[in-house]
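[1] sequence first, predicted model second:
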Amino acid sequence: MLISPFIYKEAVVSSEIEGTRVTLSDVYEYEAGRKSGASGASRNELKEVHNYVRAVFQGIDELEGGIDNDLVRRLHDTLMTGVRGGEKRPGEFRDTQVYIGGRGDGARFVPPPSSTVPYAMQNLETYIRTGGSYQPLIDIGLVHYQFETIHPFRDGNGRMGRLLIMLMMCDDELLPESYLYPSSYFNRNRDEYTDRLLAVSRDNAWEEWLTFFLRGISQQAKEAFGRASELLDLRDEYRDRYQDEANSVSQLSMEIFTKPYLTVNEAQELLGMTYRTANNAVSRLQEDDVLEEITGQRRNRVFRAREVFEIIQKPVEELQYR
């Protein structure tokens with residue numbers, strides 16, 4: 001119930017750092033069958049976020065064997081195939097020089113030559129798989145810096161690097177699942193994020209970068225806890241409210257936490273019941289304003305779980321912490 005909305009939120013914000021204009025509503029509507037988002041996001045931008053969601057779930061599914069370069073390349077292929085940058089050899093380490101913040105002598109940062117990338121990534125894989133030298137969160141901060149410095153792919157390094165943070169936290173058993181979305185912190189502090197990374201390369205400012213990184217993990221842990229607490233409270237409220245209703249209604253009131261945007265056909269699939277039964281369950285929750293129809297159409301209707309979505313989107317300062 002908690003993993004899905006948190007992964008979607010991470011996907012949206014991580015893509016936003018790279019310049020997309022997609023909102024969380026856009027992504028859910030896109031997956032419910034609408035061709036474009038209300039914010040004006042393009043289909044290609046929506047697919048970028050959708051690819052990130054797929055890559056996170058894929059990473060979790062394939063994490064049992066540990067994190068290695070084969071996994072990193074597979075996830076990068078999932079991230080980049082069919083979207084902006086998809087022509088730049090997704091899933092393959094770069095074979096050309098890249099620049100950050102300009103080109104040539106005017107670049108803000110120049111990653112190492114492409115010929116050194118396989119060797120550097122092999123060293124990084126060894127560091128990850130042997131557990132590193134420090135406490136897990138310190139090691140994750142070090143690995144994130146090193147990954148972004150190597151810049152192993154021609155495109156998509158930022159998204160892949162942030163995805164790696166979550167996977168490492170799960171692999172090190174700091175999290176049972178990917179509940180924490182670090183990109184929100186990096187996005188709120190976007191300039192400082194890039195400045196701190198660059199300062200390590202230029203001034204050896206490791207302590208400043210790690211302090212910034214750890215502060216972000218702390219803030220996002222609190223935010224995730226607050227959001228999760230409110231979602232669990234709402235779930236308990238719905239469970240009590242609909243426990244004496246038809247099984248289709250009580251079951252759907254739980255399913256909307258993992259899928260807060262849905263059509264009647266999707267409700268039917270989630271419930272494993274007839275279309276008529278699913279439609280009646282949707283109508284019952286709509287009567288209580290638990291679901292709201294957002295298209296204004298009589299056909300191809302899309303329903304949003306209003307209170308669930310409000311918690312997922314609620315500003316950080318409004319979250320209630322236990």
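    Yes, it's here.
[2] all contacts plus neighbour counts: C-alpha atoms, from now on.
    Fine.
[3] isn't residue 67 up against residue 129?
    Yes: contact criterion Cα atoms under 8 Å: residue 67 and residue 129 qualify, at 6.8 Å.
[4] of those two, which one has the most company?
    residue 67 (19 against 12; other Cα atoms under 10 Å).
[5] can you pull the contacts of the more buried one?
    The contact partners of residue 67, taken as Cα atoms under 8 Å, 6 or more residues apart in numbering, are 125, 128, 129, 168, 171.
[6] most neighbours out of the residues you listed, which is it?
    Busiest of the contacts of residue 67 [other Cα under 10 Å] is residue 168, holding 23 neighbours.
[7] is that one in a helix, a strand, or coil?
    Under DSSP: H, G, I helix; E, B strand; the rest coil, the three-state class of residue 168 is helix.
[8] what's the answer for the one 5 residues further on, then?
    With three-state DSSP as the basis, the three-state label of residue 173 is coil.
[9] can you list the weak-confidence ranges in the stretch 51-200 of the chain?
    Within the stretch 51-200 of the chain, the set of residues satisfying pLDDT under 70 comprises 102, 104-106.
[10] cool, and the stretch 201-322 of the chain?
    Residue ranges of the stretch 201-322 of the chain with pLDDT under 70: 321-322.
[11] helices along that one, start to end?
    Listed in chain order, the helices of the stretch 201-322 of the chain (DSSP state H, counting those that start in this stretch) span 206-242, 247-255, 264-271, 275-287, 306-313.
[12] nearest residue to the residue located most distally from the centre of the chain other than its sequence neighbours?
    For the chain, the residue at maximal distance from the C-alpha centroid (Cα atoms, centre = their mean) is residue 244, at 36.0 Å. Of all residues not flanking residue 244 in the chain, residue 250 sits nearest, at 8.0 Å (Cα to Cα, 6 or more residues apart in numbering).
[13] domain-wise, how is the protein divided?
    The chain breaks down into these domains under automatic domain parsing: 3-220, 222-318.
[14] from the chain's centre, how far out does the shortest one sit?
    So the one you mean is domain 222-318. The offset between the C-alpha centroid of domain 222-318 and the centroid of the whole chain comes to 21 Å, using Cα atoms, centre = their mean, to the nearest Å.
[15] now do that domain: distance from first to last residue.
    12 Å (Cα to Cα, to the nearest Å).
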